[in-house]
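[1] build me a structure from this.
(one chain, ligands or ions: 1)
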Amino acid sequence: MGEPLIISAAICGGEHTRSATPYLPQTPEEIAASAAEASEAGAAIAHVHVWDEHGRPTQDLSYYRQVYRLLGERCDMIINVTTGPGGTPPDDERLSPLELRPELASLDAGSVNFGDGVFINSPRFLRRLAKTMAASGTKPELEIFDTAMIENCLRLNAEGLLAEPLYFQFVLGVPGGAPANARTLIHLVDSLPPGSIWSATGIGRHAVDVAMLTISMGGHVRVGLEDSIYYRHHQLARSNAELVARIARLAAEAERPLASPDQARTILGLPGRSQLALDPSLSTHGPT
Ligand code: ZN
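    Next up, the predicted model:
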């Protein structure tokens with residue numbers, strides 16, 4: 001058998017809305033239920049954004065608390081909160097979920113054109129983000145949209161702001177970022193320092209291509225409605241679990257066993273399940 005494969009389910013993101021697909025989970029209840037189904041299908045990590053009752057992405061802690069409580073009641077998945085919620089919120093807002101001391105959080109490792117917009121992550125913000133994560137005991141998931149972002153991470157690491165093993169997430173095929181193809185993926189993986197852990201996702205129609213390449217190259221896979229609302233051409237994915245289940249089947253054919261959440265914690269060097277998820281007092285909090 002090959003090395004265990006960590007599947008990250010990117011549950012809803014901050015870009016697609018219900019007008020694009022009716023299957024997008026948006027309330028804390030829907031997000032937790034969708035993540036729990038993805039866990040049943042083989043995902044060890046839930047990458048979470050949250051939305052307010054007006055259908056707008058938000059970083060309001062009360063929504064994250066709800067997701068933690070509802071998902072923690074159902075399973076022991078690792079929760080990976082976003083610090084890039086979509087739009088152009090102020091830096092303080094982007095950092096706010098780190099107050100929950102999550103096990104994992106995304107660190108978008110540089111600025112990039114993103115569709116018709118620009119996703120700004122200045123060197124000053126990256127340092128602040130890495131320092132805040134270190135203070136909250138949160139491991140950064142280093143999101144890489146293009147090659148130069150790896151260099152940005154190596155600089156943060158040289159400054160002592162990251163802890164090894166470094167965990168990279170390649171997000172390929174964003175218009176404005178690195179393309180989703182084998183040549184690019186091989187170049188990115190070759191550019192990592194020894195001992196790094198890496199995962200990849202292909203946006204939109206590239207989801208399966210990138211997953212197959214990644215499984216065969218020994219990486220880990222991210223998949224989900226954040227990255228692709230279609231299961232195949234002209235057919236909307238009905239759930240995150242449906243997308244995760246396909247990756248689980250591909251992994252089985254490649255003889256890569258799926259990592260459980262605790263195996264994923266060991267691989268990523270996480271100390272243990274977030275105390276927050278286990279804190280019964282959370283049930284007294286909810287969105288206001
Ligand atoms: Zn995200």
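[2] switch to C-alpha atoms for all contacts and neighbour counts from now on
    Noted.
[3] contact partners of stretch 10-21?
    For stretch 10-21, the external contacting residues (C-alpha atoms under 8 Å, 6 or more residues apart in numbering) are 24-26, 31, 34-35, 46-51, 55, 57, 85-86, 222-227, 229, 236, 240.
[4] in it, which residues are buried?
    Neighbour-count burial for stretch 10-21, counted by 16 or more other C-alpha atoms under 10 Å, picks out A10, I11, C12, G13, G14, T17.
[5] now list the buried members of the contacts of stretch 10-21.
    24-26, 31, 34-35, 46-51, 57, 85-86, 222-227, 229, 236, 240.
[6] in the chain, which residue is most central in space?
    By C-alpha atoms, centre = their mean, the mean C-alpha position of the chain lies nearest to H47, the distance being 3.9 Å.
[7] surely it meets A32?
    No. Contact criterion C-alpha atoms under 8 Å: H47 and A32 do not qualify, at 11.0 Å.
[8] which of the contacts of stretch 10-21 fall within strands?
    A46, H47, V48, V50, W51, P57, R222, V223, L236 (DSSP state E).
[9] state the distance from the third one to D227.
    This means V48. 12 Å (C-alpha to C-alpha, to the nearest Å).
[10] do the last one as well
    Spatial separation of L236 from D227 under the definition C-alpha to C-alpha is 12 Å.
[11] which residues of the stretch 151-288 of the chain score low on pLDDT?
    Residue ranges of the stretch 151-288 of the chain with pLDDT under 70: 273-288.
[12] how about the strands in it?
    Remark: strands assigned in the stretch 151-288 of the chain by DSSP state E, counting those that start in this stretch are 167-172, 197-202, 220-223, 230-232, 235-236.
[13] got JSON lines for these, with distance to R94 too?
    Listed next are the strands of the stretch 151-288 of the chain as JSON lines, based on distance: least, C-alpha to C-alpha, whole Å:
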{"stretch": "strand 167-172", "distance to R94": "19"}
{"stretch": "strand 197-202", "distance to R94": "22"}
{"stretch": "strand 220-223", "distance to R94": "22"}
{"stretch": "strand 230-232", "distance to R94": "28"}
{"stretch": "strand 235-236", "distance to R94": "30"}
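[14] hey, which of the ones you listed is tucked in deepest?
    strand 220-223 (a mean of 28; mean count of other C-alpha atoms under 10 Å).
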